[in-house]
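Student: could you look at this predicted model? Sequence included:
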Protein chains: 2
Amino acid sequence: MISTSIEMDKAAVLLKLLGDKTRLTMMKILDNHDCCVCEFVEIFQVSQPSISQHLRKLRDIDLVKEERRGQWIFYSINKTHEFYPFIEQILSQLPSQDDKLNKLEEQGSRITCC
Amino acid sequence: MISTSIEMDKAAVLLKLLGDKTRLTMMKILDNHDCCVCEFVEIFQVSQPSISQHLRKLRDIDLVKEERRGQWIFYSINKTHEFYPFIEQILSQLPSQDDKLNKLEEQGSRITCC
DNA sequence: TAAGTATATAACTATTTGCTTATATAGTAA
DNA sequence: TTACTATATAAGCAAATAGTTATATACTTA
């Protein structure tokens, strides 16, 4: 059946996107907090373009939204995505990543940046 | 925390494995039925080595088990896997792939082979 | 035993991926 | 305006991926 086939296609695409530790952690964080690019750069200790490219992949299929706030661009989860319930159910089974944001806060990186 | 990090690692590895349409469909089928290699070859219309290689990846992290039955080697889901509940919850949200096995049955491929 | 069938592995290839550095774009503030 | 900050994009590269064909292994059956 065509609809079935399309859904498996879409599911595989989503799972592949989540099948990268950086993106998976991003999504887990974004599920509870909006974040800007520079925060992710700090958290993952990779280059800013690398973070931008991960976010672009997530944005390209509408999993996340971007919103400019002054100098910064904040990313948030798109909870209206057709597949958000699917994604959410996966994310809910992962350990909280709040410690990473807390660490930023302690460093002052969260406040400085956003 | 190290344990958290390890779990995100493992989850990403699992999701990456599921993030391939062939393997995802295999897992969905195996969740309800044992299958042998030649059935998958018929279903996916790719070469036998390609199927063997996908199954090997799934077996390498113990997601599936193999069992010889006479001339054939049957694969089944390893329901005792530490992460099986995680996997199962994903698979449960996918459309049934039974039509693919039914089609084999109609062709006589299922009976002939296994 | 020899021939046939099922599966695994090896070797190769084209494509995709995730990273990097360099640069472009866009907003902020002096 | 000019300098600065935040982000995106381009280009290039090494590694990973998924497929192929050729071949090896292992069981079945005559």
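Tutor: Arrived safely, thanks for sending. Numbers count the residues shown, from 1 in each chain, chains lettered A, B, ... in the order given.
Student: A:Arg23: which element?
Tutor: A:Arg23 belongs to helix A:21-30 when elements are defined using DSSP states H and E.
Student: indicate whether that helix makes contact with DNA strand C.
Tutor: Yes: counting by CB under 7 Å from any atom of the strand, DNA strand C is contacted by helix A:21-30 at A:Thr22. From N, CA and C alone the C-beta is placed, and that goes for glycine too.
Student: near DNA strand D at all, that helix?
Tutor: No: using CB under 7 Å from any atom of the strand, helix A:21-30 stays clear of DNA strand D, with a minimum separation of 11.8 Å.
Student: so for that helix, what's the average pLDDT?
Tutor: The average pLDDT within helix A:21-30 is 98.
Student: show me what that helix packs onto, helices and strands only.
Tutor: Packing contacts for helix A:21-30, counted by 3 or more CB pairs under 8 Å, 6 or more residues apart in numbering or on different chains; DSSP states H and E, involve helix A:2-18, helix A:37-44, helix A:48-60, strand A:72-77, helix A:84-91, helix A:98-107, helix B:2-18.
Student: who wins for proximity to DNA strand C among the ones you listed?
Tutor: helix A:48-60 (3.3 Å; CB to the nearest atom of the strand).
Student: pull that closest one out as CSV, backbone CA atoms only.
Tutor: Taking Å, rounded to 0.1, in the frame of the first residue of the first chain, the C-alpha atoms of helix A:48-60 are listed here in CSV:
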residue,chain,number,x,y,z
GLN,A,48,29.7,26.7,14.8
PRO,A,49,29.2,25.6,11.2
SER,A,50,28.9,22.0,12.3
ILE,A,51,26.1,23.0,14.7
SER,A,52,24.4,25.1,12.0
GLN,A,53,24.5,22.2,9.6
HIS,A,54,22.9,19.8,12.1
LEU,A,55,20.2,22.4,12.8
ARG,A,56,19.6,22.8,9.2
LYS,A,57,18.9,19.1,8.7
LEU,A,58,16.4,19.2,11.5
ARG,A,59,14.8,22.4,10.1
ASP,A,60,14.7,21.1,6.6
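Student: now that helix: buried residues?
Tutor: A:Ile51, A:His54, A:Leu55, A:Leu58 (16 or more other CB atoms under 10 Å in any protein chain shown).
Student: out of the residues you listed, which touch DNA strand D?
Tutor: Filtering the buried residues of helix A:48-60 for proximity to DNA strand D by CB under 7 Å from any atom of the strand leaves A:Ile51, A:Leu55.
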